[in-house]
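Asks: Okay, structure incoming, though there's no sequence with it:
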């Protein structure tokens, strides 16, 4: 099931255009209720990461910023901004694909999660190879 | 000058209604180009902190998410989400009022700033007494 939803996140990520390809979906009761890719450049908005856009959209659809009962799948490990937003939103489970050992909110800043007292469960490395390849291909293309 | 702009942030913060009173202003060339208070509850949006709203608004006004040459004043130390957004936005100087030793992105998670390689200058404790009082009064009222 994890692979199914990560595949969907990958499909969204592939539509990122000139933005760094990252895709996210939020799932509730086994249904995708929100999906976005990174839109930072196209929206000219530092906060328009895929995770933030799905959190905002899901909150709007559910009329509640509290996203208990929801899971978030994202192709790249969230940055600290997004991880804190995910923690604050009370998402149940965070699944991410590629690790980011330099700026990943979980790998590079372990204090963030550890000191948050969050009940969020985090699992990285879902379809890691495919998620990493998408990013590597993008950076190879623009360099 | 710091006190002048922090006073403006305090005035915005006082308009937060049912939201926790936090106000932020972004200053460029000695002029306020954006000002918001916390709107998390009224917008039902986990990301609608005063800092995020000003960053997005200033980027829109300047047609650039890169806010070099801008300073941000905020009455409460930014959370990790907001601090990372501020760092990413390339703001020059961050001035905050009240410290948050539990969830403050600077005080409680020193790695965030230290490992970011950011050129951002941070100064806390500007009009600290007034900023702290605004929050204390709010929490005394709702408890």
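Replies: Received the coordinates, thanks. Note that the structure is a prediction, hence the values are computed from the model and not measured. Numbering: from 1, shown residues only, chains lettered A, B, ... in the order given.
Asks: And the strands in chain A, which stretches?
Replies: A:23-28, A:31-37, A:70-76, A:93-98, A:121-123 (DSSP state E).
Asks: What parts of chain A come near chain B?
Replies: A:40, A:44-47, A:52, A:55-56, A:59-60, A:63-65, A:79-85, A:88-89, A:108-109, A:111-112, A:115 (C-beta under 8 Å from any C-beta of the partner chain). C-beta coordinates here come from the backbone N, C-alpha and C atoms, glycine included.
Asks: Quick check on those residues: which are buried?
Replies: A:40, A:44-47, A:52, A:55-56, A:59, A:65, A:79-85, A:88-89, A:108-109, A:112 (16 or more other C-beta atoms under 10 Å in any protein chain shown).
Asks: what's the longest helix in chain A?
Replies: Longest helix in chain A by number of residues (criterion: DSSP state H): helix A:128-142.
Asks: Sketch out the low-pLDDT regions of chain A for me.
Replies: A:1 (pLDDT under 70).
Asks: if you set the cut-off to 50 instead, what comes out?
Replies: Scanning chain A for pLDDT under 50 picks out no residues.
Asks: Nearest residue to the spatially most central residue of it in space, please, no chain neighbours.
Replies: Nearest residue to the geometric centre of chain A (C-alpha atoms, centre = their mean): residue A:74, 3.2 Å. Among residues not flanking residue A:74 along the chain, residue A:24 sits closest, at 4.1 Å (C-beta to C-beta, 6 or more residues apart in numbering or on different chains).
Asks: show me what contacts the one you found?
Replies: By C-beta atoms under 8 Å, 6 or more residues apart in numbering or on different chains, residue A:24 lies in contact with A:9, A:12, A:35-37, A:50-51, A:53-54, A:72-75.
Asks: would you turn those residues into a markdown table with distance to residue A:128?
Replies: As requested, the contacts of residue A:24 are exported to a markdown table (distance: C-beta to C-beta, whole Å):
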| residue | distance to residue A:128 |
| --- | --- |
| A:9 | 13 |
| A:12 | 17 |
| A:35 | 20 |
| A:36 | 21 |
| A:37 | 19 |
| A:50 | 17 |
| A:51 | 18 |
| A:53 | 23 |
| A:54 | 20 |
| A:72 | 17 |
| A:73 | 13 |
| A:74 | 12 |
| A:75 | 10 |
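Asks: Closest one of the residues you listed to residue A:28?
Replies: Nearest to residue A:28 among the contacts of residue A:24: residue A:72, at 10.4 Å, using C-beta to C-beta.
Asks: What's the local residue count around the closest one?
Replies: 28 (other C-beta atoms under 10 Å in any protein chain shown).
Asks: Equivalent analysis for residue A:93, please.
Replies: Neighbour number of residue A:93 under other C-beta under 10 Å is 14.
Asks: quick one, what contacts the residue lying closest to it once chain neighbours are set aside?
Replies: Counting by C-beta to C-beta, 6+ apart, residue A:71 is the residue found nearest to residue A:93 once chain neighbours are left out, at 4.3 Å. Contacts for residue A:71 were tallied using C-beta under 8 Å, 6+ apart; they are A:5, A:26-28, A:91-95.
Asks: Please convert the buried members of the residues you listed into PyMOL selection syntax.
Replies: Typed into PyMOL, the next command selects the buried ones out of those (criterion: 16+ other C-beta under 10 Å):
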select buried, chain A and resi 5+26+27+28+91+94+95
